[in-house]
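Engineer: only the shape, not the letters, is given here:
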């Protein structure tokens, strides 16, 4: 099965994280693109999960998403975080 990829504006709409924050994370390498350059900047939900974890190292990702009342399932029908 192929993993879905998203642009930064799409990820922003799905996650509620500001576009400027996502662009910054991409620029500094915290949010890694699904494909190497010169391909368009497309990102997976797994890359977003990793970036949030790196940014919120002292706060677990499940808490971060719970505080925004969302889960990866809300974004893409994937398994809820914390049910691992």
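Structural biologist: That came through, no problem. Everything numeric here is computed off the predicted structure, so don't read it as measured data.
Engineer: average pLDDT across stretch 20-35?
Structural biologist: Averaging pLDDT along stretch 20-35 yields 85.
Engineer: how about that stretch: buried residues?
Structural biologist: 21-22, 25-26, 30-31, 33-34 (16 or more other C-beta atoms under 10 Å). For the C-beta atoms, the positions are set from N, CA and C on the backbone; glycine is no exception.
Engineer: give me the subset of these that lies in helices.
Structural biologist: Under the assignment DSSP state H, these contribute 21-22, 25-26 to helices.
Engineer: from the residues you listed, pick the one nearest residue 12.
Structural biologist: The closest of those to residue 12 turns out to be residue 22 (C-beta to C-beta; 5.7 Å).
Engineer: where does the chain dip in pLDDT?
Structural biologist: Where the chain drops to pLDDT under 70, the residues are 1, 56-84.
Engineer: quick one on the thing from earlier: make a markdown table from the buried residues of stretch 20-35 and add distance to residue 2 to it.
Structural biologist: Listed next are these as a markdown table, based on distance: C-beta to C-beta, whole Å:
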| residue | distance to residue 2 |
| --- | --- |
| 21 | 27 |
| 22 | 22 |
| 25 | 24 |
| 26 | 21 |
| 30 | 24 |
| 31 | 20 |
| 33 | 16 |
| 34 | 11 |
